[in-house]
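Student: fold the following, please.
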Amino acid sequence: MRSAEIALTGLAIGLTIAAFSESQTAIDRGAFVMAQRGDTVAIERFSRTADSIAVDLTLKMQGRFVYLARTAKDFTISQMNIQFYLPNAAPDQPPAQTAVLTLRGDSVIAEISSRGQNQTQRLKTEAGALMLPPSSFTAFEQLTMKMRASQRSANAPPLSASQPFTAPVFATSGGSTGKASLTPVGADSVIVNVGSQEYRLKVDQVGHILGAASPANGLIITRVDQATAAKLALGKPDYSAPADAPYTAEEVSIAAAPGVTLGGTLTMPKNRNSQLPAVVTITGSGQQDRDEYIAVAGGYRPFRQIADTLARRGIAVLRLDDRGVGSSTGNPATSTSADFANDIRAAVAYLRTRKEIDPARIALIGHSEGGIIAPMVAATDPKLKAIVLMAGPVDNGLKIVRYQQRYALDNDTALTTTKRDSLYRVGQGQLDSLALQNPWMKFFLSYEPDSTAKKVKAPVLILQGATDRQVPAEQADRLAAAFRAGGNSDVTVRLFPDRDHLFLADPNGNPRGYTRLASNKIDPEVLGVIMDWLARKL
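Tutor: Okay, here's the model as predicted:
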């Protein structure tokens, strides 16, 4: 399920547009390499001139952002042109979304283009605010250069923890404005606080970032030169079975809707004397690979864990790349949850053609949005044997996103009550606007999962984390009631204390804290409940 930060601005995850020409020869080129607990999650190539910065940022499994920004003498960014490309976009494929962000006084004017539709938004900020795209340390470097320039002033007071250098920043992801505080530590180090995030930077006398870390998030940022940057690439994921695994991992390709081919991995136990039961996994919202990879805590891959667990107990598992990701084709920008449900129907149909699989013993496991999609498929396929829903909602998306927004704002200690209320109203307006241009959001906001639940007759297991702040825990019992209201008597609910939306140990559950989680693994208690229940039903 998309967090409030994401839902507030689907625009900013993809805000981008055609670049203008650089006005001068680049004087600084290189790249920032970002790794979280040993997992390389992003590469940001950059070139900087006296009045512009150009960035090509690739985020693991999330796509590619290309932007060119015009910089002013005071180190603000007057205009930013951004292009967003899907994760598996071909080199000659046009961007999926584009935008121009222009700073005018105390507003940012966002001119957005997506799928041939154009929209203009005016977002409030502060005069002189620095536009900061997510994960861009090249833009972040404007802050440290601005601080160094201020220190060179003859009348500048010394900076300290009690009197840091401060500057307003505008987050292009979220559209919110906050303060960044920078405190020099010695001659070459700076501590930067932006919102609830703290970064420890190594900088030179000009303010160039030489390296950085966010210890709470386990994030390490390394600066490399142009020659090294030219050789960099994010590695392709390895979906093969471990060498000692009692199962095989087969790469498969499935024809789904016209123009859509789904790539995936089918794991099957090696020792089998008869046809196998099988499970199809369904990812949450946002485009993800077949492992449902999320770049937190060193790389969260729940479906790889589930496939390994089930295959060791004699159950085959088919997990798929979402549309537009990895080996799957199709355009997610024009797709809705109903389209994704058709993809899962195609996957089930494929399994029923495999001689190794028992067509009467197929189940679904859906996480988050997957917990919406699994009942959609089961309601139209009475042959499905069972479904497992992990943090699936009963309310429509509008209620869920409003909860997410309110929780995120209420738990941001940097905001005053007045500012929270103002941002909440802005978020609501952005939701309405986003629904007009985004087919997925329009469907999600209005779709009623409880109506579909009443049509499902297959056994249902509902799993919920007690500290889930994306789909609140009370949804589980209400979802179970909806299934039972339709006459389904085989409905089980399991609530796991101190587990968040990802089913990771997390006493707080705030999505902003995901990067600080100590473990990226679902623990044996949760996996055991899934395994034991499916073993009985299949």
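Student: pLDDT below threshold where in the stretch 51-200 of the chain?
Tutor: The stretch 51-200 of the chain contains residues with pLDDT under 70 at 115, 154.
Student: can you give me the helices in it?
Tutor: Using DSSP state H, counting those that start in this stretch, the helices assigned to the stretch 51-200 of the chain run over residues 137-151.
Student: now do the stretch 201-350 of the chain
Tutor: Using DSSP H, counting those that start in this stretch, helices in the stretch 201-350 of the chain cover 226-230, 302-311, 337-351.
Student: over to residue 513. Which of the three states is it?
Tutor: Assigned by DSSP: H, G, I helix; E, B strand; the rest coil, the conformation of residue 513 is helix.
Student: tell me who's in contact with it.
Tutor: Listed by CB atoms under 8 Å, 6 or more residues apart in numbering, the contact set of residue 513 reads residue 506. C-beta here means a position set from N, CA and C on the backbone, and glycine is covered the same way.
Student: what is the rounded mean pLDDT of the helix ranked longest in the chain?
Tutor: Criterion DSSP state H: the longest helix present in the chain is helix 417-437. Mean pLDDT, helix 417-437: 77.
Student: now do the following helix or strand past it: everything it contacts.
Tutor: Using DSSP states H and E, the helix or strand that follows helix 417-437 in sequence is helix 439-446. With contacts defined as CB under 8 Å, 6+ apart, helix 439-446 is touched by 7, 10, 285, 332-338, 369, 396-398, 401, 431, 434-436.
Student: over to stretch 337-349?
Tutor: Applying CB under 8 Å, 6+ apart, the set of residues contacting stretch 337-349 from outside is 254-257, 260, 262, 264, 280, 282, 318, 320, 322-323, 362, 364, 369, 372-374, 376-377, 380-381, 384, 440, 443-444, 447.
Student: please, which helix or strand holds residue 404?
Tutor: Taking DSSP H and E as the criterion, residue 404 maps to helix 397-410.
Student: got the angle for that helix vs helix 337-351?
Tutor: Going by axes from the mean of the first three to the mean of the last three CA atoms, to 10 degrees, helix 397-410 is angled at 110 degrees with respect to helix 337-351.
Student: in helix 397-410, what counts as buried?
Tutor: The neighbour-count check on helix 397-410 (16 or more other CB atoms under 10 Å) flags 397, 398, 400, 401, 402, 403, 404, 405, 407, 408, 409 as buried.
Student: C-alpha coordinates for that helix, PDB please?
Tutor: Output of helix 397-410 as PDB, limited to C-alpha atoms (Å, rounded to 0.1, in the frame of the first residue of the first chain):
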ATOM      1  CA  GLY A 397      -8.600   3.700  -1.100                       C
ATOM      2  CA  LEU A 398      -9.800   7.200  -0.200                       C
ATOM      3  CA  LYS A 399     -10.300   6.300   3.400                       C
ATOM      4  CA  ILE A 400      -7.000   4.400   3.500                       C
ATOM      5  CA  VAL A 401      -5.000   7.300   2.000                       C
ATOM      6  CA  ARG A 402      -6.700   9.800   4.300                       C
ATOM      7  CA  TYR A 403      -5.600   7.700   7.300                       C
ATOM      8  CA  GLN A 404      -2.100   7.500   5.900                       C
ATOM      9  CA  GLN A 405      -1.900  11.300   5.400                       C
ATOM     10  CA  ARG A 406      -3.300  12.100   8.800                       C
ATOM     11  CA  TYR A 407      -1.000   9.700  10.500                       C
ATOM     12  CA  ALA A 408       2.100  11.000   8.700                       C
ATOM     13  CA  LEU A 409       1.300  14.600   9.500                       C
ATOM     14  CA  ASP A 410       0.300  14.000  13.100                       C
END
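Student: what is the mean pLDDT for it?
Tutor: 91.
Student: now the angle from that helix to helix 417-437?
Tutor: Inter-element angle recorded for helix 397-410 and helix 417-437: 150 degrees (by the same axes, to 10 degrees).
Student: tilt between helix 397-410 and helix 439-446?
Tutor: Put simply, helix 397-410 runs at 90 degrees to helix 439-446, going by the same axes, to 10 degrees.
Student: in terms of secondary structure, what does helix 397-410 contact?
Tutor: Under the contact definition 3 or more CB pairs under 8 Å, 6 or more residues apart in numbering; DSSP states H and E, helix 397-410 sits against helix 4-8, helix 417-437, helix 439-446.
Student: can I get the ones you listed in a markdown table with distance to residue 250?
Tutor: Putting the helices and strands packed on helix 397-410 into a markdown table (distance: least, CB to CB, whole Å) gives the following:
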| stretch | distance to residue 250 |
| --- | --- |
| helix 4-8 | 33 |
| helix 417-437 | 39 |
| helix 439-446 | 30 |
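Student: ok, which of these comes nearest residue 107?
Tutor: Residue 107 sits nearest to helix 417-437 of all the helices and strands packed on helix 397-410, at 12.2 Å, using CB to CB.
Student: how far away from the center of its chain is that closest one?
Tutor: Chain-centre distance of helix 417-437: 20 Å, with CA atoms, centre = their mean, to the nearest Å.
Student: elements contacting it?
Tutor: helix 4-8, helix 10-14, strand 117-124, helix 397-410, helix 439-446.
Student: run a quick neighbour tally on the residue nearest to residue 295 when sequence neighbours are not counted.
Tutor: Excluding its sequence neighbours, the residue lying closest to residue 295 (CB to CB, 6 or more residues apart in numbering) is residue 41, at 4.2 Å. Neighbour count of residue 41, defined by other CB atoms under 10 Å: 24.
Student: next one: the one 5 residues further on
Tutor: Taking other CB under 10 Å as the criterion, the count of residues near residue 46 is 23.
Student: nearest spatial neighbour of it, skipping sequence neighbours?
Tutor: residue 138 (4.1 Å).
Student: can you list the buried residues in the helix or strand where residue 495 lies?
Tutor: Using DSSP H and E, residue 495 sits in strand 491-496. Neighbour-count burial for strand 491-496 flags 491, 493, 496 (criterion: 16+ other CB under 10 Å).
Student: got the CA positions of stretch 504-519 in PDB?
Tutor: Listed next in PDB are the C-alpha coordinates belonging to stretch 504-519 (Å, rounded to 0.1, in the frame of the first residue of the first chain):
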ATOM      1  CA  LEU A 504       8.700  -7.000  10.100                       C
ATOM      2  CA  ALA A 505       9.400  -6.500  13.800                       C
ATOM      3  CA  ASP A 506       8.600  -2.900  14.400                       C
ATOM      4  CA  PRO A 507       7.000  -1.600  17.600                       C
ATOM      5  CA  ASN A 508       6.200   1.800  16.000                       C
ATOM      6  CA  GLY A 509       5.200   1.000  12.500                       C
ATOM      7  CA  ASN A 510       5.800   4.500  11.000                       C
ATOM      8  CA  PRO A 511       6.700   4.100   7.300                       C
ATOM      9  CA  ARG A 512       9.200   6.900   7.700                       C
ATOM     10  CA  GLY A 513      11.100   4.500  10.000                       C
ATOM     11  CA  TYR A 514      11.300   1.600   7.600                       C
ATOM     12  CA  THR A 515      14.900   2.500   6.500                       C
ATOM     13  CA  ARG A 516      16.000   2.200  10.200                       C
ATOM     14  CA  LEU A 517      14.600  -1.400  10.700                       C
ATOM     15  CA  ALA A 518      17.200  -3.800  12.000                       C
ATOM     16  CA  SER A 519      16.000  -6.800   9.900                       C
END
